[in-house]
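Peer 1: Turn this into a structure:
(one chain, ligands or ions: 1)
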Amino acid sequence: MKSKFWLLLLITTCLITYFTIFPIIAVSASESSEDSPDKKKFVMQNENPNENGNVIQENDSESETSLPNFGFTSEQAEKLKETEEKFQFQTEVSRLMNLIINSLYKTREIFLRELISNASDAIDKIRFLALTDPNALSNNSNLNITIWSDPKNNILTITDTGVGMTKEQLKENLGTIAKSGTSEFLQAIEEKKADDNMNLIGQFGVGFYSVFLVADKVVVTTKHNEDEQYIWESQAINDFTIAKDPRGNTLGRGTQIKLHLKEDSLSFLEEGVIRGLITKYSEFINFPIWLWTKKTEEVEIDDDDLDDESDKIEKKDEKDEKDEKDEKDTDEAEVEDVTEEKPKKKTKTVEVPGWELMNTQKPIWTRDSKDVTDPEYEKFYRSFAKDEAAPLAWTHFKAEGEVDFKSIIYIPSKAPPNLYQKVQEFTRNIKFFVKRVFITDEFLDFVPKYLAFIKAIIDADDIPLNVSRETLQHHKALQLIKKRIIKKTLDMITNLSKDEEKYKKFLKEFGVSLKIGAIEDNSNRKTLAKLLRFPSSHKNLTTLDDYISRMKKKQTKMYFVTGSSINELENSPFIEGYIARGYEVLYMVEPVDEVLIQHMPGHGGKMFQNIAKGDSKFEDNDLEETSKLKSKYIKLIDWMQSTLTDFVERVQISNRLTSSPCAVIAGDWGLTGHMERIMAAQAFKQENDYMKDFYANQKKVLEINPHHPLMIGLLEKVESGKNDDKLKELVNVLYETTLIRSGYVLKNNLNYASNVEKILRYNLGIDLEAKAEVNIKPVIDDDDKDNEKKDLFDELNDESTDPTKPSLDDDDDDDDDDDDKSDKTDKTDKTDKTDKTESKPIRDEL
Ligand SMILES: Nc1ncnc2c1ncn2[C@@H]1O[C@H](COP(=O)(O)OP(=O)(O)OP(=O)(O)O)[C@@H](O)[C@H]1O
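Peer 2: Numbers count the residues shown, from 1 in each chain. Below you'll find the model as predicted:
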């Protein structure tokens, strides 16, 4: 009995100690954890993490202490029915639920992550409100999440003391209003393979509805400060119900989600499984997560007590104990018997049910970066970014000076879908805290669009806690933070660029972002330009600075050419003369490159030169030689110019071609073939069309290679007066072929095809008018046959009365006479019948 007293005293001491610490944890979980990281991790059954005592009933009976009794009296049940209203799930929500249930079952464990994340968001919300409303927490000052399982009834319950939901919010949030992004999610998940689902869930967040992966019935009880307590219930069919809770306010404030688990999901009731999932997904949640567990403890007892408690306590096997003791005695025989004074007391193992703290809420970003391991950074990223894949890079820093804040910025390993189309959705990637209190993740333009892919935590010290989110957006300190975040991100990317392999991965996902940055961000263009990489005739990928370092002494410009693939550009006529002279040419193969050059016409003191545009001027230009060639080719040039007058501004001798006979060059203000294709692919608005037409209708320059046998041959023909129509057609085909080789799209493909055919005919000596002979008959459908039959009967009737017409009884085709007879006798031969139908449809059918 004495030991019972001491045990009680011990528990009471723990309780008092705990409750003096707990409010501190609750009000600012992160702050308190920072102050006292070693605070208590386990509280006894009668020590309640939820201070108001409503949530957990204290009972001695084991079955009742392990799960609070939430049943209704029959009177309450009746009342519930009275206020119950039925609602239909919105169609998109139903679709989402079906899809979740049927295709995400492999990843069903994510339901717990989603519920804990929702609970944490709800607590964030009430904590934010509490900054300006002193009464916000008056119904319940604890801020925590509790999880307990009831294996007897197969129920898992997750409760938070967050903001809760009003009746209206309950209806909208859990059923009638599909959140933005639902259709995108549905589309993406329907298109993607099941293996990718895990990542998709992270990117879109299936949220609350993931409960139906594991539960066939879900009951949500919620209490918002501005409404009464309501109960939402659904079995994931088509509808859900909402009723006023007949028990009144049992929660104080917050939300409780009861999952009636499916047969195949009962493993989620196991303590080990829940523990594993919390560690995997929710370890870094900023509020305490308490799990109802049973702790085994060894307690010393008196002999009498052992007898008294034998029904509840697992008495240690005495034989084992004796053996153990004997073993110890032998071991300690030679040692001076110091234990003699303290005779060994008997112990018993007891199971103590209670709440165990599952997470340490000291936010990772508040720790010294030296003390955080890479796996911790990765785990934290996975948990806050809901991304299964490890991040590509991160930077963790503390900014001091004009503005003080701590931050971790991550670069994901994969770009989210539609990164460049739906920039606004990704602003949730920046989670903003002030002194560890979550403020918002709904900034519209915290970072410029081109950096929309980063995911970051920012925790500022200098911003007043009571400002509204709108005011915050324009707060001077926030502007300074933005600048620092951009700089730090660019520093991180610069560091990443030193690791070639990783940087390749980064460029594959976000290379276009850097180019957009160089286009849009004047103040960081120089830094961004250094981060750009281009394939070139010299290297797989080069920086612009490296390109400049390899430039020829007299080379003043950075040569580049644009196209849709490296292969296309390697075979482009434009580069021939440059490569032959040993110049390096940059290959720009992304549509954004054309725009980039317009905004960034140079780098490192060197301008870019598009070698598919304008005249090419080489240092080795021999003016005398050029003028000689000009006079040699003057007849051909004049003749070609007049033949192609509708398309080309002029024909000229080329100094950039080596192996190609000719090339089509855009004027200085014209469009290259690649740009024309980009513009054609974009659905330009009506008002922009005149610009497109202006550029597209700029006449081009045809350059001819004076050393190419084709040109020499043409010159001979023209000089010998053989420039007839045939030669004109040939030159037209040559021009159009050159357009294609130069990257342009033909305006009239059919014309080109028929010109090529003509040339083939000339070459093979085939008459231009000769036609193909074919013997194909029109297909006759059954309907047509019936109609024809009908027509024929009509016709026959007419004929029988008209003696001038030959009778159909007489065979009218002598040649087919025999065949017809045999066919008529063999009515079963369907093939023959069909043949006959084709050749003599009317007669055979008759
Ligand atoms: N425990 C909760 N307390 C208060 N409100 C909640 C809770 N759980 C869900 N909600 C409300 O229901 C809404 C829908 O939740 P759901 O999990 O489906 O989406 P989400 O949390 O908005 O998005 P995501 O899951 O992508 O983060 C939430 O936005 C929130 O308003």
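Peer 1: So residue 645 belongs to a helix, correct?
Peer 2: No: per DSSP: H, G, I helix; E, B strand; the rest coil, residue 645 lies outside any helix segment and is coil.
Peer 1: Against the ligand, how distant is it?
Peer 2: According to Cβ to the nearest ligand atom, to the nearest Å, residue 645 stands 63 Å off from the ligand. Where you see a C-beta, it was placed from the backbone N, CA and C, and this is true even at glycine.
Peer 1: so how many other residues sit close to that residue?
Peer 2: Neighbourhood size, residue 645 [other Cβ atoms under 10 Å]: 12.
Peer 1: quick one: it and residue 721, what's the gap?
Peer 2: Distance of residue 645 to residue 721, computed by Cβ to Cβ, to the nearest Å: 20 Å.
Peer 1: Next: residue 476.
Peer 2: When residue 476 is compared with residue 721 (using Cβ to Cβ), they lie 82 Å apart.
Peer 1: out of the two, which sits in the busier spot?
Peer 2: residue 476 (11 against 7).
Peer 1: residue ranges with poor pLDDT in the stretch 151-300 of the chain?
Peer 2: 178-182, 184, 188-206 (pLDDT under 70).
Peer 1: any chance you could map the strands in it?
Peer 2: 155-160, 215-223, 230-234, 239-244, 254-261, 289-301 (DSSP state E, counting those that start in this stretch).
Peer 1: which stretch among those comes nearest the ligand?
Peer 2: Checking those against the ligand by Cβ to the nearest ligand atom gives strand 254-261 as the closest, at 3.8 Å.
Peer 1: Which strands or helices does the closest one pack on?
Peer 2: Contact here means 3 or more Cβ pairs under 8 Å, 6 or more residues apart in numbering; DSSP states H and E; on that basis strand 254-261 packs against helix 110-132, strand 155-160, strand 215-223.
Peer 1: How about the contacts made by the closest residue to the ligand within the stretch 701-846 of the chain?
Peer 2: Residue of the stretch 701-846 of the chain nearest the ligand, by Cβ to the nearest ligand atom: residue 745 (43.2 Å). Taking Cβ atoms under 8 Å, 6 or more residues apart in numbering as the contact definition, residue 745 lies against 673, 676-677, 680.
Peer 1: which of the helices and strands packed on strand 254-261 is buried the deepest?
Peer 2: Highest mean neighbour count among those (mean count of other Cβ atoms under 10 Å): strand 155-160, with a mean of 24.
Peer 1: now what about it, what contacts it?
Peer 2: With Cβ under 8 Å, 6+ apart as the test, strand 155-160 has contacts from 50, 55, 67, 112, 115-116, 118-120, 122-123, 144-150, 215, 251, 254-261, 268-269, 274.
Peer 1: Keep those, but drop any that are not near the ligand.
Peer 2: Near the ligand, taking Cβ under 6 Å from any ligand atom as the test, the members of those found are 118-119, 122, 255.
Peer 1: Stretch 83-99 spans what distance, first to last residue?
Peer 2: 31 Å (Cα to Cα, to the nearest Å).
Peer 1: and it with the ligand, contact?
Peer 2: No: contact between stretch 83-99 and the ligand, assessed by Cβ under 6 Å from any ligand atom, is absent, since the two come no nearer than 9.1 Å.
Peer 1: quick one: pLDDT of residue 815?
Peer 2: Per-residue confidence at residue 815 stands at 42 (pLDDT).
Peer 1: Also residue 702?
Peer 2: 96.
Peer 1: In this structure it contacts residue 667, no?
Peer 2: No: Residue 702 is not in contact with residue 667 according to Cβ atoms under 8 Å; the separation is 11.8 Å.
Peer 1: the more surrounded of the two?
Peer 2: Between residue 702 and residue 667, residue 702 has the larger neighbour count (other Cβ under 10 Å), namely 26 against 16.
Peer 1: Remind me what whichever helix or strand that one is part of packs against, helices and strands.
Peer 2: Assigned by DSSP states H and E, residue 702 falls within strand 700-704. With contacts taken as 3+ Cβ pairs under 8 Å, 6+ apart, strand 700-704 sits against helix 623-643, strand 648-653, strand 662-665.
Peer 1: hey, C-alpha coordinates of it in CSV?
Peer 2: C-alpha atoms of strand 700-704 as CSV (Å, rounded to 0.1, in the frame of the first residue of the first chain):
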residue,chain,number,x,y,z
LYS,A,700,14.3,36.9,-98.1
VAL,A,701,17.8,36.7,-99.6
LEU,A,702,18.8,33.7,-101.6
GLU,A,703,22.5,33.0,-101.3
ILE,A,704,24.1,30.7,-103.8
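Peer 1: Now do that strand against helix 623-643: the angle between them, please.
Peer 2: 120 degrees (axes from the mean of the first three to the mean of the last three Cα atoms, to 10 degrees).
Peer 1: Can you pull the residues of the chain lying near the ligand?
Peer 2: 114, 118-119, 121-122, 160, 162-165, 173-174, 179, 205, 207-208, 255.
Peer 1: Now with 5 Å, please.
Peer 2: Within the chain, the positions adjacent to the ligand are 118-119, 122, 162, 165, 173, 205, 207-208, 255 by Cβ under 5 Å from any ligand atom.
Peer 1: In TSV: those, plus distance to residue 397.
Peer 2: Converted to TSV, the residues of the chain next to the ligand look like this (distance: Cβ to Cβ, whole Å):
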residue	distance to residue 397
118	30
119	30
122	30
162	31
165	38
173	37
205	28
207	32
208	35
255	36
